[in-house]
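A.B. asks: predicted model follows, preceded by the sequence.
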Amino acid sequence: MTLSRSLFATAAAVALSALSFAPAFAQETATPAPAQAPAGEAAAASAASDQLPEGKVLPDIVLGKEDAPVTMIEYASFTCSHCRDFHNENFAKLKSEYIDTGKVKFIQRDVYFDAVGLWAGVLARCGGDDKYYAVSDMLFEEQQTWLAAKTGDEIAANLRKIGAKAGMTPEQLDACWADKQTVANLVTTFQKNAGDDKIEGTPTFIIAGEKVNNQPWEGLKKVLDDKIAAAGK
């Protein structure tokens, strides 16, 4: 999935639409634009009536050992089919061979192409850092199901099911989706990180400081092995 030229300039508008009832899609999926956001009507309408507060850059959520010799960052969107494919086909191998063995420290950085992707990003963060990767796993694994909905209400219901599996209550989800500061922080974090790294599409990887485009597992594995060898591990 490729970032549009105006994405960074319009990210705040996307965030506001995520809090309103008219999110717009900008991706290759055929899902029509939903009519209603996941948050409760009163909370969402109130949030959308005001401008977002100033956001701050949030710290990365790390998976793996802090002292791993190689850091791998993935820029990913929860509504990106190629990101889903990487997760479903390759992430388990990455985790067992590199992350769990202490060779690689992994960081996922969310990219928001559309309001629905931002809804999912808020959901992933709603249970706290400890649940982020577990919820992220479910969002990618079940993407074809929850994103296949034809209305905002249906997408909201699907996302609520994922939240419930992660132990979140409906009230907790409503509060997270209606939290303008959280939305502002997520959008600011996305803009700053993706802008600094000159990200043009998803998934894109930064491995030991080198930008690496999406490719078959054997190619990524070679890059990882070379970087680990260069680190003397």
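C.D. replies: Nice, I can see it.

A.B. asks: show me what the helix or strand containing Thr71 is packed against.
C.D. replies: For Thr71, the element it lies in under DSSP states H and E is strand 70-76. Strand 70-76 is packed against helix 81-86, strand 104-110, strand 204-207, helix 217-230, with contacts defined by 3 or more CB pairs under 8 Å, 6 or more residues apart in numbering; DSSP states H and E. Using the backbone N, CA and C atoms, a C-beta is placed for each residue, glycine as well.

A.B. asks: and the ones you listed: which comes nearest Glu171?
C.D. replies: Glu171 lies closest, by CB to CB, to one member of the helices and strands packed on strand 70-76: strand 104-110, at 23.8 Å.

A.B. asks: who are the neighbours of whichever helix or strand comes after the closest one, in terms of helices and strands?
C.D. replies: Next in sequence after strand 104-110, counting helices and strands by DSSP H and E, comes helix 115-126. Other helices and strands packing on helix 115-126, by 3+ CB pairs under 8 Å, 6+ apart, are helix 11-19, strand 104-110, helix 129-141, helix 152-165, helix 170-177, helix 180-196.

A.B. asks: make JSON lines from the helices and strands packed on strand 70-76 and add mean neighbour count and mean pLDDT to it.
C.D. replies: Supplementary listing: the helices and strands packed on strand 70-76 in JSON lines, determined by neighbours: other CB atoms under 10 Å; pLDDT from 0 to 100:
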{"stretch": "helix 81-86", "mean neighbour count": "19", "mean pLDDT": "96"}
{"stretch": "strand 104-110", "mean neighbour count": "21", "mean pLDDT": "98"}
{"stretch": "strand 204-207", "mean neighbour count": "20", "mean pLDDT": "98"}
{"stretch": "helix 217-230", "mean neighbour count": "15", "mean pLDDT": "97"}
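
A.B. asks: of all these, which lies closest to Gln181?
C.D. replies: For the helices and strands packed on strand 70-76, the distance to Gln181 is smallest for strand 104-110, at 16.6 Å, taking CB to CB.

A.B. asks: hey, C-alpha coordinates of that closest one in PDB?
C.D. replies: Taking Å, rounded to 0.1, in the frame of the first residue of the first chain, the C-alpha atoms of strand 104-110 are listed here in PDB:
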ATOM      1  CA  VAL A 104      16.200  -9.000  17.000                       C
ATOM      2  CA  LYS A 105      14.300  -6.300  18.800                       C
ATOM      3  CA  PHE A 106      11.000  -5.700  16.900                       C
ATOM      4  CA  ILE A 107       9.000  -2.500  16.800                       C
ATOM      5  CA  GLN A 108       5.700  -2.000  14.900                       C
ATOM      6  CA  ARG A 109       4.800   1.500  13.900                       C
ATOM      7  CA  ASP A 110       1.200   2.100  12.800                       C
END
